[in-house]
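Enquirer: give the three-dimensional model of this entry:
(one chain, ligands or ions: 1)
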Amino acid sequence: MYKTRFGRFFCGDALNILGSTDFDAFRGKVNLIITSPPFPLNNKKRYGNLNGDAYREWFINLAPVFSALLSEDGSVVIEIGNAWESKRPVQSLLHLESLLGFVKEEQAGFRLIQEFICYNPSRLPSPAQWVTRERIRTVDTYTHVWWMAKSDFPKADNTNVLRPYSKSMEQLLSRQDFNRGKRPSGHHISEHGFLKDHGGSIAHNLFEMEPLDEHREVRLPFSVAEFQEKGRLPDNVLSFSNASSNDFFSRVLRENGIRRHPATMHPGLVAFFIRFLTGENDLVLDPFAGSNTTGYVAEKLKRRWLSIEINEDYAQQSKIRFSDPELQTEITII
Ligand SMILES: C[S@@+](CC[C@H](N)C(=O)[O-])C[C@H]1O[C@@H](n2cnc3c(N)ncnc32)[C@H](O)[C@@H]1O
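Expert: You can find the predicted model right below:
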């Protein structure tokens, strides 16, 4: 549908397009597949979603298709929220069964490398009937992010997504006098083990989009490359620009009365995994791209990208992202 300096956007059904000759050139070449797939909704057909068994089967069938596209050290990252049983205050197991089925699909040969939890308190209370009307359930505020790969050692470098040191760690580093010896936990702390400045501490597998405790510093991951380039601590990775309602994309949608895609991924989450699992010029694929958050972030981080979306309206609105002057890219409609 369109292409930019680093990527190409296709409008149509993901399975058809991924299986087409257009994609032959990319088999075995994709470094990262990152996506939030259509949800297993029980009663709505907004995205043309499948229900129950049909959804699970469809989802599991994606595994061999993704596997054939991935490079041997590539990764798949899937974000999926919790699902609820139709008209019942009961959580569905469908998304978990689908993820388990995906990772256990034999031909694809995936394994779960690590699960991440994305805590986002600004999510709307859902399911509204049980949470805000009857008040018998709490607000569902997190999504699951599953990182999977074909080998135990997919390409990954956590030094690309470090968190700033805590104040106390910074003091330790400047004092250079950490009490060495055995801890009550049984860990042995060497004399120099803790005193080396690695530029930041290691990221966690819980993304806190807002702090759980407002008095605690969250210390979200930042990009080391930006740190080196700017010579000062950059904005953290998860506060990637375009995450707020005042970014270029949101403004243009508002000014033109265009209804925003209802379930966009957090650009910071995409940025985290792109930086963690790929290098410049690597190839990133999002087969259920919606408003193409993935393509936008990849373009910004100078990764090649391929995105697919079935819904023409979402495909159209995704083009807006690439007129963002910050990106300095050109978009060509094909
Ligand atoms: C959760 S949304 C993805 C949103 C996206 N991450 C973003 O940031 O805008 C899932 C998307 O998958 C699309 N979709 C559903 N079935 C599809 C299919 N068979 N092929 C391609 N896209 C599909 C839906 O239209 C929807 O936009």
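
Enquirer: so where do the strands sit in the stretch 1-150 of the chain?
Expert: Ranges of strands in the stretch 1-150 of the chain, per DSSP state E, counting those that start in this stretch, are 2-3, 7-11, 30-35, 70-81, 111-119, 142-149.

Enquirer: and the fourth one, anywhere near the ligand?
Expert: It stands for strand 70-81. No - shown here: strand 70-81 not in contact with the ligand (C-beta under 6 Å from any ligand atom), separated by at least 7.8 Å. No exception for glycine: its C-beta is placed from N, CA and C like everyone else's.

Enquirer: now do the buried residues in that strand.
Expert: Neighbour-count burial for strand 70-81 flags 70, 71, 74, 75, 76, 77, 78, 79, 80, 81 (criterion: 16 or more other C-beta atoms under 10 Å).

Enquirer: and which of those is nearest the ligand?
Expert: Among the buried residues of strand 70-81, residue 79 lies closest to the ligand (C-beta to the nearest ligand atom), at 7.8 Å.

Enquirer: the closest one and residue 265 touch, don't they?
Expert: Yes - counting by C-beta atoms under 8 Å, residue 265 is a contact partner of residue 79 at 6.2 Å.

Enquirer: quick check: neighbours shared by those two?
Expert: Shared contacts of residue 79 and residue 265, defined by C-beta atoms under 8 Å, 6 or more residues apart in numbering, are found at residue 36.

Enquirer: quick one: stretch 269-282 to chain centroid distance?
Expert: In this view, stretch 269-282 has its centroid 10 Å away from the chain centroid, taken as C-alpha atoms, centre = their mean, to the nearest Å.

Enquirer: who's in contact with that stretch?
Expert: Contact with stretch 269-282 is made by 31-32, 34, 75, 77, 79, 118, 145, 147, 154-158, 160-161, 203, 207, 221, 223, 225, 237-238, 240, 284, 293-294, 297-298, 300-304, as judged by C-beta under 8 Å, 6+ apart.

Enquirer: can you rerun that using 7 Å?
Expert: Contacts to stretch 269-282, defined as C-beta atoms under 7 Å, 6 or more residues apart in numbering, come from residues 31-32, 34, 75, 77, 79, 118, 154-158, 160-161, 207, 221, 223, 237-238, 240, 284, 293-294, 297-298, 301-304.

Enquirer: buried residues in it?
Expert: Judged by neighbour count (16+ other C-beta under 10 Å), stretch 269-282 contains these buried residues: 269, 270, 271, 272, 273, 274, 275, 276, 277, 278, 282.

Enquirer: where does the first one land in three-state SS?
Expert: Spelled out, it's residue 269. When classified by DSSP: H, G, I helix; E, B strand; the rest coil, residue 269 comes out as helix.

Enquirer: what pLDDT is listed against it?
Expert: Residue 269 is assigned 91 on the pLDDT scale.

Enquirer: how much space is there between it and residue 118?
Expert: Distance, residue 269 to residue 118, using C-beta to C-beta, to the nearest Å: 6 Å.

Enquirer: and what of the last one?
Expert: If you measure residue 282 against residue 118 using C-beta to C-beta, the figure is 23 Å.

Enquirer: before we move on, back to that, which neighbours do residue 269 and residue 118 share?
Expert: Common neighbours of residue 269 and residue 118 (criterion: C-beta under 7 Å, 6+ apart): 79, 207.

Enquirer: mind checking the SS state of residue 285?
Expert: Classification of residue 285 using three-state DSSP returns strand.

Enquirer: what is the burial count for it?
Expert: 30 (other C-beta atoms under 10 Å).

Enquirer: that one against residue 29, yeah?
Expert: No - judged on C-beta atoms under 7 Å, residue 285 makes no contact with residue 29 at a distance of 9.7 Å.

Enquirer: near the ligand, which residues of the protein are found?
Expert: So the chain meets the ligand at 13-14, 36, 38, 47-48, 261, 263-265, 288-291, 293, 308-311, 314 (C-beta under 6 Å from any ligand atom).

Enquirer: what subset of those residues is buried?
Expert: Here, 16+ other C-beta under 10 Å leaves 14, 36, 38, 47, 261, 264-265, 288-291, 293, 308-311, 314 buried among these.

Enquirer: which ones among the residues you listed map onto helices?
Expert: Under the assignment DSSP state H, those contribute 14, 293, 314 to helices.

Enquirer: any weak-confidence spans in the stretch 51-200 of the chain?
Expert: The stretch 51-200 of the chain contains residues with pLDDT under 70 at 177-183, 188-194.
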